[in-house]
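Enquirer: Provide a 3D model corresponding to the input given below.
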Amino acid sequence: MKSIVLLVAAALVAVAQPVSSQDAASGIRTIVVSGVGRSEAAPNTFRMEAGLLGRGTSQDEAIAELVRLQARVSDAVKGLQGLDSVHLTTGLPAVAAVYASDCQAARYSQGASDCAVTGYAATSSLTLTAMPAERGGDAVSIAAESGAPNARVQSVYLDDDQALREQAARAAFDDARRQALAIASASSQTLGAPLSIADPQSFMGESTVMDYLATVPDLSNSVVANTPIVFVPGPTRIERRLTVTFAVE
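Expert: Numbers count the residues shown, from 1 in each chain. Have a look, this model is predicted:
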């Protein structure tokens, strides 16, 4: 029993701090606690990125090959069977000279007169955002089958996670209230109404994909991967922390 009293005393020292000078002046006693709430749900959207590479003996050839590859991969992935809410974005294109293999040695510098240019490489990327999340694996397979040298699922998420955030916030408040009730009871006080609720995460903004976004209309959705990839994404998890100040009597 002695150890319980000591723990309660330590908890009161840790959390029962004055909220503001106004509360201190008004004589209102308070308990300040930090609650944590978590929620999760299955994601419904995936984002897949495919790298694109065109090679040629001239810049024009490399660019032309890149354009053909981009069209082929784009047509294939946007027509993947079973997709919904499809968007395609393009990465930033680039063209670079390809030098002879011996130019990789440290004694050479690219662009030197004795460093031969053997061709050109044009690069870009395609990003497919679509539903449902489970089709991300087949999107990777389709992109690879269409000639993309590399493709991967970048992320899976909920297109609208507001309900999940609200659920986590309610759980965080309930957790804070449970803590406050335990402290008030252990110190022979009665818990009053919440005086303030602070969300330390409220200043954090959402990340934005800064690409050239285009909605793809009238999809045939008839493309099927030759080698389907089973893709089972884990749940989307959200954690909220709330600092709640309660009055005590």
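
Enquirer: hey, which helix or strand in this protein has the poorest pLDDT?
Expert: In the chain, no helix or strand scores lower on mean pLDDT, DSSP states H and E than strand 212-215, which sits at a mean of 32.

Enquirer: run me through the strand neighbours of the next helix or strand after that one, direction for each.
Expert: Next helix or strand after strand 212-215 toward the C-terminus (DSSP states H and E): strand 236-248. Strand pairing for strand 236-248, using DSSP bridges, gives strand 29-41 (antiparallel), strand 191-198 (antiparallel).

Enquirer: then strand 236-248 to PDB, C-alphas only?
Expert: Only the C-alpha atoms of strand 236-248 are listed here, as PDB (Å, rounded to 0.1, in the frame of the first residue of the first chain):
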ATOM      1  CA  THR A 236      -3.200   2.100 -41.900                       C
ATOM      2  CA  ARG A 237      -2.500   3.100 -38.300                       C
ATOM      3  CA  ILE A 238      -3.000   6.500 -36.800                       C
ATOM      4  CA  GLU A 239      -1.900   7.600 -33.300                       C
ATOM      5  CA  ARG A 240      -3.200  10.800 -31.600                       C
ATOM      6  CA  ARG A 241      -1.900  12.400 -28.400                       C
ATOM      7  CA  LEU A 242      -4.000  14.900 -26.500                       C
ATOM      8  CA  THR A 243      -3.000  17.000 -23.500                       C
ATOM      9  CA  VAL A 244      -6.200  17.500 -21.400                       C
ATOM     10  CA  THR A 245      -6.600  19.800 -18.400                       C
ATOM     11  CA  PHE A 246      -9.300  18.800 -15.900                       C
ATOM     12  CA  ALA A 247     -10.700  20.700 -13.000                       C
ATOM     13  CA  VAL A 248     -10.700  18.900  -9.700                       C
END
